[in-house]
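Got a predicted model here, sequence first, then my questions.
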Amino acid sequence: MSEKQPLVSIITPSYNSEKYIRETVKSVQEQTYTNWEMIIVDDCSKDNSRAVLEELANEEERVKIHFFQENSGAAVARNAAIRLAKGKYIAFLDSDDKWKPNKLQTQLEFMQKNNYAFTFSGYDLMNENGELLGKSVKIPESIDYHGLLKNTIIGCLTVILDKEKVGDFQMPNIRARQDLALWLLIMKRGFKAYGLQQSLAIYRSVPGSVSSNKVNMFKKNWYVYRKIENLNVVSAGWYILNYAFNALKKRL
């Protein structure tokens, strides 16, 4: 491991991912930045994911796979991968999303130049078949704890954390929005998230997913506000109204 290229640990939970995981891994293999490890934790998939993952790991030594014996949820899978991670930097990529080839190199240069601990970027949208939808998510230059409660703009697939700066962490063990809860936890330690004004990743919009159901997302955010952040009803209501407004504005 060179000082100029510190190790990046990529955290990837997998569940019934055989349809997309090859594309996801390929997008990591095509990175211009090469010192990475991709830790894929399969959450007891019921499809052919295990065979596909074993094949990928045999072909690429930087891909490391682990299998759960019972389904435990994305938070538990991500936390298992985080515990196994050896990198200075922790990045996140779900098993149906993709990165653009310059993602790691561009974002790490951004972090190192500015001494940032927590960064994210814009991203494009594609449909279930991998066809670009001509839409990109625009992001602010920075966001803090209160800003994130009002506008959950950070895409998990774009985040990179400097573990040496932010310290050890685990995602709260909830079935959905554990990424939002983690960003808030890190921000409560005094960190802002800084947005790189480029689109460096591609998010797959799949019908029926948690993120595609806006009413469900509203409920999941409310749970984070009330049960994880322990906000009172008035504060939670204020933030959820701002969230709803910003979510609507983003769609328009």
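Perfect, thanks for sending it.

just for this protein, where's the confidence low?
Where the chain drops to pLDDT under 70, the residues are 1-3, 208-213, 250-252.

contacting residues for the spatially most central residue of it?
By C-alpha atoms, centre = their mean, the mean C-alpha position of the chain lies nearest to residue 156, the distance being 2.3 Å. Applying C-beta atoms under 8 Å, 6 or more residues apart in numbering, we find residue 156 in contact with 92, 94, 179. For every residue, glycine as well, the C-beta is placed using N, CA and C.

how would you label the second one: helix, strand or coil?
Read it as residue 94. coil (DSSP: H, G, I helix; E, B strand; the rest coil).

Checking my notes, residue 201 in a strand, right?
Yes: counting by three-state DSSP, residue 201 is found in a strand.

Show me what it is bridged to.
Taking DSSP bridges as the rule, residue 201 bridges to residue 99, residue 123.

Am I right that residue 16 is in contact with residue 47?
Yes: with contact defined as C-beta atoms under 8 Å, residue 16 reaches residue 47; the gap is 4.6 Å.

Looking at those two, which is more packed in?
For residue 16 versus residue 47, neighbours defined as other C-beta atoms under 10 Å are more numerous around residue 16 (17 against 12).

Spit out the contact partners of the more buried one.
Per C-beta under 8 Å, 6+ apart, neighbours of residue 16: 45-47, 49.

Quick one: residues contacting residue 14.
By C-beta under 8 Å, 6+ apart, residue 14 lies in contact with 21, 40-43, 45, 49, 53, 77, 95.

From those residues, which land in strands?
Judged by DSSP state E, the subset of the contacts of residue 14 located in strands is 40-42.

burial measure for residue 181, as a count.
For residue 181, the number of neighbouring residues by other C-beta under 10 Å comes to 21.

surely it meets residue 170?
No: using C-beta under 8 Å, residue 181 is not in contact with residue 170, being 10.4 Å away.

Burial check on residue 240, number of neighbours?
Per other C-beta under 10 Å, the neighbour tally for residue 240 reads 19.

before we move on, the earlier item: can I get the contacts of residue 156 in JSON lines with distance to residue 100?
Shown next, in JSON lines, are the contacts of residue 156 (distance: C-beta to C-beta, whole Å):
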{"residue": "92", "distance to residue 100": "15"}
{"residue": "94", "distance to residue 100": "15"}
{"residue": "179", "distance to residue 100": "20"}
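
thinking again about what came up before, looking at the ones in strands among the contacts of residue 14, which one is closest to residue 127?
Taking C-beta to C-beta as the measure, residue 127 lies nearest residue 40 of those, at 23.6 Å.

The residue nearest to the closest one when sequence neighbours are not counted: what secondary structure?
Counting by C-beta to C-beta, 6 or more residues apart in numbering, residue 40 lies nearest to residue 12, which is 4.6 Å off, once chain neighbours are set aside. What three-state DSSP gives for residue 12 is strand.

In the stretch 1-150 of the chain, what residue spans correspond to strands?
For the stretch 1-150 of the chain, strands defined by DSSP state E, counting those that start in this stretch occupy the ranges 8-14, 36-42, 63-67, 89-92, 98-99, 118-126, 132-137, 142-143.
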